[in-house]
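> One predicted model, sequence on top.
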Amino acid sequence: MSVTRVRVRRERPTALAWAIALCVTMLVVYVLTLSAARPDVVESVSAAPRVTSEIELPPLEGWCVTMAQCDAPEEARLQAAAYSARGAAGYVARLEDAWQVLGAVYDSKGEAERIAERLSREAGLEAGVIHLEADRLKLRITASEAQIEAIAGADATLREQARQLGQIALQLDRGELGGDAARTLCAVATTEAEQAAGALESLPGENRLCAALAEQLRSLAAMQRTLADSRSEAGATLSGMARCAQIAGFLGQWEFQRGLKGQ
């Protein structure tokens, strides 16, 4: 990194300059205090009493609109690339013994069927609907209260952000949301997901449940950061990216919750 040297005229410090210097000094002392106190914080979490609590994960249900079914993933990816610029997700996943090119996921069967019928009629696609669900799940966990709260918070964040991505895509399609606003919303959501993942990862000890949730949060954050950093001005492209992230988040939760129940 290059450094530019600038000659500054010597003057007597003003009251404002002294105030700024004092604030900077206080900030440095505060940061150093936090750094020194961090081991004590970790120790207090480790030593926190363990409690047994029950967490309930609500049922998960969605209807995915599939635009094509392929025998090989390479063929599905080629078709997906053509759809993404038109506002569809073009997300490739193996479901129902085939490689599906998914365009969107809805929490309403009627809405999904309506979109599939329109795609078949107007675009000549062999569109269909795939129903995915995971049963309600009750987890009995023995851990510190901080761990239990972090687990419940992570699941809630994943669900809410997947829902928000669907809303962003819909509002972009309708012209109710501009590209800059969509990118800002995704940037905020990225920070929230990263913070939720960090809360799980900072907990002492190894916990496979925490690790799995943190991985989902990091993955969703990465996809939303890509959307937030996108330079595209096309609403259709942004809505396709939002739907892609939504489907990925939904499928991740669906597989995770079914895995916990052994489905």
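Alright, I've got the coordinates. Since the structure is predicted, the reported quantities are computational estimates derived from the model, not experimental observations.

> Kindly confirm my reading that A93 is in a strand.
Yes. Assessed with DSSP: H, G, I helix; E, B strand; the rest coil, A93 lies in a strand.

> now the strands: where do they sit in the stretch 51-200 of the chain?
60-70, 91-95, 98-106, 128-134, 137-144 (DSSP state E, counting those that start in this stretch).

> The third one vs strand 60-70, what angle?
Here strand 98-106 runs at an angle of 140 degrees relative to strand 60-70 (axes from the mean of the first three to the mean of the last three C-alpha atoms, to 10 degrees).

> export strand 98-106 as CSV, just CAs?
Only the C-alpha atoms of strand 98-106 are listed here, as CSV (Å, rounded to 0.1, in the frame of the first residue of the first chain):
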residue,chain,number,x,y,z
ALA,A,98,-34.3,-36.9,-11.8
TRP,A,99,-32.3,-33.7,-12.1
GLN,A,100,-34.8,-30.9,-11.8
VAL,A,101,-34.5,-27.3,-13.0
LEU,A,102,-36.4,-25.4,-10.4
GLY,A,103,-37.9,-22.0,-11.1
ALA,A,104,-39.4,-21.0,-7.8
VAL,A,105,-40.8,-22.3,-4.5
TYR,A,106,-44.1,-21.3,-3.0
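
> so how far is stretch 117-132 off the chain centroid?
In terms of C-alpha atoms, centre = their mean, to the nearest Å, the centre of stretch 117-132 is found 27 Å from the chain centre.

> Next, the buried residues of it.
Judged by neighbour count (16 or more other C-beta atoms under 10 Å), stretch 117-132 contains these buried residues: 119, 125, 127-130, 132. No exception for glycine: its C-beta is placed from N, CA and C like everyone else's.

> Now do the contacts for the residue nearest the centre of the chain.
Taking C-alpha atoms, centre = their mean as the criterion, L220 is the residue nearest the geometric centre of the chain, at 3.0 Å. Applying C-beta atoms under 8 Å, 6 or more residues apart in numbering, we find L220 in contact with 158, 161-162, 193, 245, 248-249, 252.

> Got the confidence number for V92?
V92 is assigned 95 on the pLDDT scale.

> Roughly how far does it sit from T66?
10 Å (C-beta to C-beta, to the nearest Å).

> cool, L217 as well?
27 Å.

> quick one on the thing from earlier: can you put the contacts of L220 in a markdown table and add pLDDT, neighbour count and distance to A81?
Shown next, in a markdown table, are the contacts of L220 (pLDDT from 0 to 100; neighbours: other C-beta atoms under 10 Å; distance: C-beta to C-beta, whole Å):
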| residue | pLDDT | neighbour count | distance to A81 |
| --- | --- | --- | --- |
| L158 | 96 | 22 | 27 |
| Q161 | 96 | 22 | 25 |
| A162 | 95 | 23 | 23 |
| A193 | 97 | 26 | 26 |
| A245 | 95 | 29 | 17 |
| A248 | 95 | 22 | 16 |
| G249 | 95 | 25 | 21 |
| G252 | 94 | 19 | 22 |
